[in-house]
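Undergrad: Mind folding the following:
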Amino acid sequence: MNIVEVNSSFVEGLSDWDTFITFTCRGGKTDVLNLRPRVRRFMRDQCPDATYFAAFEPHKRGGWHAHLITRLGQKRITKASLEKKGKFQYCNRLHNKALRFFGRSKIEPVKDKSAVTTYCAKRVSQYTNKNVDAGEYDIQFGDCYIGRSERSRALTHE
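TA: Residues are numbered from 1 along each chain as shown. Prediction:
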């Protein structure tokens, strides 16, 4: 198997990204060995059909947090969102679950796909090149026909 360079064009080509998520655990001191399975469990339980690329980054308090660029799909976005006082709340239901599970969390629509994919890819390459115990990332393809198609497309990059 060939090694794939994780750069913005690779990440951008994996999926039609629609949502950017940041998870920071309470206290900010969670290590990556704890955070990675928590992210996987949360996404599996709450969004099993979602595709995501997660970049794990050292937190200024000594722990780690995760940045995810995801493809939730319009159906899930609509289901996870609500209208409050006449204003659309993007993925508010999912955000409330993330707050209980992790602590500080942010979920927002992708406005500039190129900027977000560059940001996530940079989190991986930046720390790898600094010889920090980082460069940590996960790619998860949703368990639906779209996720299988995206996985096939990613394998052609290898």
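Undergrad: Okay, now the unreliable bits of the chain?
TA: Along the chain, the model assigns pLDDT under 70 to residues 1-7, 123-135, 143-158.
Undergrad: so what's the residue nearest the centre of it up against?
TA: Closest to where the C-alpha atoms of the chain average out (CA atoms, centre = their mean) is L68, at 1.6 Å. Contact analysis of L68 by CB atoms under 8 Å, 6 or more residues apart in numbering lists 20-23, 39, 43, 52-55, 120. Glycine gets a C-beta too; all of them are placed from N, C-alpha and C.
Undergrad: Residues in a beta bridge with it, which ones?
TA: Beta-bridge partners for L68, by DSSP bridges, are I21, A54.
Undergrad: with the contacts of L68 in mind, which one is nearest to G103?
TA: F23 (8.1 Å; CB to CB).
Undergrad: Convert the C-alpha atoms of the host helix or strand of that closest one to PDB, please.
TA: Under the criterion of DSSP states H and E, F23 resides in strand 19-24. Provided in PDB are the C-alpha atoms of strand 19-24 (Å, rounded to 0.1, in the frame of the first residue of the first chain):
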ATOM      1  CA  THR A  19     -20.300  20.600   8.600                       C
ATOM      2  CA  PHE A  20     -17.300  21.600  10.700                       C
ATOM      3  CA  ILE A  21     -17.100  20.300  14.300                       C
ATOM      4  CA  THR A  22     -14.700  20.900  17.100                       C
ATOM      5  CA  PHE A  23     -14.800  18.800  20.300                       C
ATOM      6  CA  THR A  24     -12.900  19.900  23.400                       C
END
